[in-house]
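> how would this look folded up:
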Amino acid sequence: MIEVEEEYSIEVNLVSEKSTSTTCPLCRVKN
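Here you go, the predicted structure:
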């Protein structure tokens, strides 16, 4: 994934997988 980021000059944010299905990735509000 990091190689793709560098190749296409995009930003990738690495986050913990904990609660990712219940937390909004943009505002961090839990549903």
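
> what's the distance between the residue positioned nearest the centre of the chain and Arg28?
Taking CA atoms, centre = their mean, the centroid of the chain lies closest to Asn13, which sits 4.6 Å from it. Distance of Asn13 to Arg28, given as CB to CB, to the nearest Å: 12 Å. To be clear about C-beta, it is placed using only N, CA and C from the backbone, and glycine gets the same treatment.

> Glu3 now?
Taking CB to CB, one finds Glu3 at 28 Å from Arg28.

> how close does Lys18 get to Lys30?
Applying CB to CB, the value for Lys18 to Lys30 is 12 Å.

> circling back to that earlier point, do you know how far the residue nearest to the centre of the chain is from Cys27?
14 Å.

> how about Glu17?
On the measure of CB to CB, Glu17 and Cys27 end up 19 Å apart.

> could you do Val12 as well?
Note on Val12: its distance to Cys27, by CB to CB, is 19 Å.

> looking at those two, which one has more neighbours?
Neighbour count, other CB atoms under 10 Å: between Val12 and Cys27, Val12 has more, with 10 against 6.

> extract the CA atoms of stretch 23-31 and return them as PDB.
This file holds the C-alpha atoms of stretch 23-31, laid out as PDB (Å, rounded to 0.1, in the frame of the first residue of the first chain):
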ATOM      1  CA  THR A  23     -16.600   4.500  13.900                       C
ATOM      2  CA  CYS A  24     -17.000   7.100  11.200                       C
ATOM      3  CA  PRO A  25     -13.600   7.500   9.500                       C
ATOM      4  CA  LEU A  26     -14.200  11.200   8.900                       C
ATOM      5  CA  CYS A  27     -15.600  12.500  12.100                       C
ATOM      6  CA  ARG A  28     -14.700   9.600  14.500                       C
ATOM      7  CA  VAL A  29     -18.300   9.400  15.800                       C
ATOM      8  CA  LYS A  30     -19.300   5.900  16.900                       C
ATOM      9  CA  ASN A  31     -22.700   4.600  15.700                       C
END
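
> for that stretch, what is the average pLDDT?
Stretch 23-31 comes out with an average pLDDT of 78.
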